[in-house]
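Trainee: Quick one: sequence plus predicted model below, questions after.
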Amino acid sequence: MQKESVITKIAFFFNKVLALATFLAYILPFLTPKLFPFLSVLTLLMPLFLILNFAFFTVWILQLKRKAVLSGIVLLIGFTFINKFYKFSETDLPESPSDFKLMSYNVRLFNLYEWLPVKDIPEQITDVIQDYNPDILCLQEYSPNSKVRLRNFPYRYVKVYGERNKYGQAIFSKYEIINSGEIDFPNTSNNVIYTDLVRQKDTIRVYSMHLQSIKISTDIHEKFDENKSKFIFKRISQAFSEQQLQAEIIREHFAQCPYSKIICGDMNNSAFSYVYRTIKGEMKDAFEEAGTGFGKSYNFDFYPARIDYVLTDKDFTIKTYRTDTKVKLSDHFPVYTRISLEK
């Protein structure tokens, strides 16, 4: 029997640690973040865990080692998670008269504070919206701006806060809005707004959400030390706990909705989280139904983060879904989908 090298032993040790962390990440979506707020951070790393397990599996298989069984079991158990992370084929079903188009976009206040060194961000975002020409448009981190020309929408519901620089959310629609409202969250400016739209003979409720931010985009580029790492993990844990409450409030509101519903927007969490699972329930994830690739919706250099979603009731058919990663006018990418409602 050939003696194993030290490198092989070390590699398999890390393989076992990775397998344990991945199993924990599998379980966490079923546990409330308030119980294990620090561990909940692992759900953000699930895509990385899956990639590393696949890498270990491949290495051991090529070496004809039985050690491949460990990562093989991990990947087999997590098979249902893979579809949330990466889609190999895209769906683009034919158009029909029952179709309508929806766009969701976190516009980051139209670059109000000049995060990007570009002067005509509002005009460029307007052009993108006009090119896609959605029937329903949901904007998060919205700020009233005279340079944003959304004349194709005769109906709108805008909810903003602040005195000098206003911010909030907005839903624009080509269909009549017969009712609108807000789901307010305690101790935060984040919220959900909704509208009831009349389309042909159907009334559809559309929710636009913006959940608690984890706010790590600026820190990740700075020099890390132990104190910085602890601070970031603590902040993420606190945000996840707040998101748990927000998700549960949304579910309670869903239970009172008499119409077919769509919820879209910025969840600020991954598809492997308790928060996502709570809000989604039995609804369809448009990315899983018709998307392709990673579905990256947040402009983050080191990670294909999908934190913006379109979720629909089961009586909707998702015909097209895409995130336009070429549009770098915000820290998020616009999400576009073509949907049909056939009853």
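Mentor: Alright, I've got the coordinates.
Trainee: So what are the sheet partners of the helix or strand harbouring residue 158 and their directions?
Mentor: Element membership of residue 158, judged by DSSP states H and E, is strand 155-161. Applying DSSP bridges, strand 155-161 is found paired with strand 167-173 (antiparallel).
Trainee: could you dump the partner strand to CSV, C-alpha only?
Mentor: Backbone C-alpha positions of strand 167-173 (Å, rounded to 0.1, in the frame of the first residue of the first chain) are rendered in CSV as follows:
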residue,chain,number,x,y,z
TYR,A,167,-35.0,58.5,-1.1
GLY,A,168,-37.2,55.5,-1.2
GLN,A,169,-38.9,53.2,-3.7
ALA,A,170,-41.1,53.6,-6.7
ILE,A,171,-43.4,51.4,-8.9
PHE,A,172,-44.2,52.7,-12.4
SER,A,173,-46.8,51.0,-14.5
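Trainee: got the contact list for it?
Mentor: With CB atoms under 8 Å, 6 or more residues apart in numbering as the test, strand 167-173 has contacts from 109, 135-143, 150, 153-161, 177, 180, 189, 191, 193-195, 197, 206, 208, 210, 265. C-beta: built from backbone N, CA, C; applies to glycine.
Trainee: hmm, try it at 7 Å
Mentor: Residues outside strand 167-173 that contact it (CB atoms under 7 Å, 6 or more residues apart in numbering) are 109, 136-143, 150, 153, 155-161, 191, 193, 195, 197, 206, 208, 210.
Trainee: show me what contacts the most centrally placed residue in the chain?
Mentor: By CA atoms, centre = their mean, the mean C-alpha position of the chain lies nearest to residue 307, the distance being 2.2 Å. By CB under 7 Å, 6+ apart, the contact set of residue 307 is 266-270, 297-298.
Trainee: give me that answer again for 6 Å
Mentor: Counting by CB atoms under 6 Å, 6 or more residues apart in numbering, residue 307 touches 267-268, 297-298.
Trainee: Relative to residue 15, how far out is it?
Mentor: According to CB to CB, to the nearest Å, residue 307 and residue 15 sit 29 Å apart.
Trainee: Repeat that for residue 181.
Mentor: Counting by CB to CB, the gap from residue 181 to residue 15 is 51 Å.
Trainee: Between the two, which is the more surrounded one?
Mentor: residue 15 (22 against 15; other CB atoms under 10 Å).
Trainee: tally of neighbours for the closest residue to the more buried one other than its chain neighbours?
Mentor: Counting by CB to CB, 6 or more residues apart in numbering, the nearest residue to residue 15 once its immediate chain neighbours are dropped is residue 56, at 4.7 Å. Neighbourhood size, residue 56 [other CB under 10 Å]: 24.
Trainee: Residue 72 is in contact with residue 56, correct?
Mentor: No. The pair residue 56 and residue 72 fails to qualify as a contact (CB atoms under 6 Å) at a distance of 9.5 Å.
Trainee: Mind listing what's buried along stretch 196-214?
Mentor: 196-197, 199, 202-214 (16 or more other CB atoms under 10 Å).
Trainee: scratch that, stretch 85-101 is what I was asking about
Mentor: Buried-residue list, stretch 85-101, by 16+ other CB under 10 Å: 85-87, 99-101.
Trainee: where do the helices sit along this protein?
Mentor: 6-27, 46-62, 68-77, 79-85, 108-111, 121-132, 226-255, 274-280, 286-290 (DSSP state H).
Trainee: Can you show me the strands along the stretch 201-343 of the chain?
Mentor: Along the stretch 201-343 of the chain, counting by DSSP state E, counting those that start in this stretch, strands occupy 202-210, 260-266, 284-285, 308-312, 316-323, 335-341.
Trainee: for those strands, which one sits closest to residue 129?
Mentor: strand 335-341 (10.0 Å; CB to CB).
Trainee: would you put the C-alpha positions of the closest one in PDB?
Mentor: The C-alpha coordinates for strand 335-341 follow below in PDB (Å, rounded to 0.1, in the frame of the first residue of the first chain):
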ATOM      1  CA  VAL A 335     -33.200  42.600 -13.700                       C
ATOM      2  CA  TYR A 336     -35.600  41.900 -16.600                       C
ATOM      3  CA  THR A 337     -38.200  39.300 -17.000                       C
ATOM      4  CA  ARG A 338     -41.100  38.500 -19.400                       C
ATOM      5  CA  ILE A 339     -44.000  36.900 -17.600                       C
ATOM      6  CA  SER A 340     -47.400  35.400 -18.600                       C
ATOM      7  CA  LEU A 341     -50.500  35.000 -16.500                       C
END
